[in-house]
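Participant: Sequence and predicted model, in that order:
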Amino acid sequence: MKGILGRIDETVRELWAGLLIWGAAWQLIVVWFVKDRPGFSLGLWIGVAMAAAGAYHMWWALDAGLSDAGSAQGFIRKHAFLRYACIVAAFAVMMLWGPANPLAAFAGYIGLKAAAYMQPFLHKRLHRKKMEEKEVNL
């Protein structure tokens, strides 16, 4: 597992950390104000998992697409469409299936945007020692 995580870009891992913070905050605060707590929790964490998978897929598609300069735009566009189609399909299944709350899943998935805004702050917190060492060496 450590080898797999080592190959994934540091920014993606920081996005995942932001997603976990987002999901935990929603779970701890909002869950007390809804009637269907299990459905809310299931939907929320499905949305967070979809956002984490989407962040990884976005990184992978950009990395793979930009390494092949000739057809990068088509490759990236094709994978963005695939990503969106999977999200729509997952929401359709949640709406038809019933146990998971699709609005909570949307709140979990929107956490990708919140995680993107949190990423610079998480980066500073996670790498404070490295930044201090660089300042001392200058």
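Facilitator: Yes, it's here. Numbering: from 1, shown residues only.
Participant: check contacts around Ala17.
Facilitator: 115, 122, 126 (C-beta atoms under 8 Å, 6 or more residues apart in numbering). Glycine gets a C-beta too; all of them are placed from N, C-alpha and C.
Participant: how far is the helix or strand containing Gly54 from where the chain is centred?
Facilitator: If you go by DSSP states H and E, Gly54 is part of helix 37-67. From the chain centre to the centre of helix 37-67 is a distance of 5 Å (C-alpha atoms, centre = their mean, to the nearest Å).
Participant: re earlier: just the buried ones from the contacts of Ala17, in ChimeraX syntax?
Facilitator: Buried residues among these (16 or more other C-beta atoms under 10 Å), as a ChimeraX selection:
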select :115,122
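Participant: Which helix or strand lies directly C-terminal to the helix holding Gly54?
Facilitator: Taking DSSP H and E, what comes next after helix 37-67 is helix 72-97.
Participant: Now for Thr11: which residues touch it?
Facilitator: Thr11 is in contact with 59, 119, 123, counting by C-beta under 8 Å, 6+ apart.
Participant: make that Ile21, sorry
Facilitator: So, once contact is read as C-beta under 8 Å, 6+ apart, Ile21 ends up touching 115, 118.
Participant: Could you measure from it over to Glu14?
Facilitator: Ile21 sits 11 Å away from Glu14 when distances are taken as C-beta to C-beta, to the nearest Å.
Participant: I figured Arg37 was touching Gly43, is that so?
Facilitator: No: Arg37 lies out of contact with Gly43 (C-beta atoms under 8 Å); the separation is 10.8 Å.
Participant: With pLDDT and distance to Ala100 as extra columns, can I get the contacts of Ala17 in TSV?
Facilitator: Below are the contacts of Ala17 laid out as TSV (pLDDT from 0 to 100; distance: C-beta to C-beta, whole Å):
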residue	pLDDT	distance to Ala100
Ala115	91	21
Leu122	85	28
Leu126	78	31
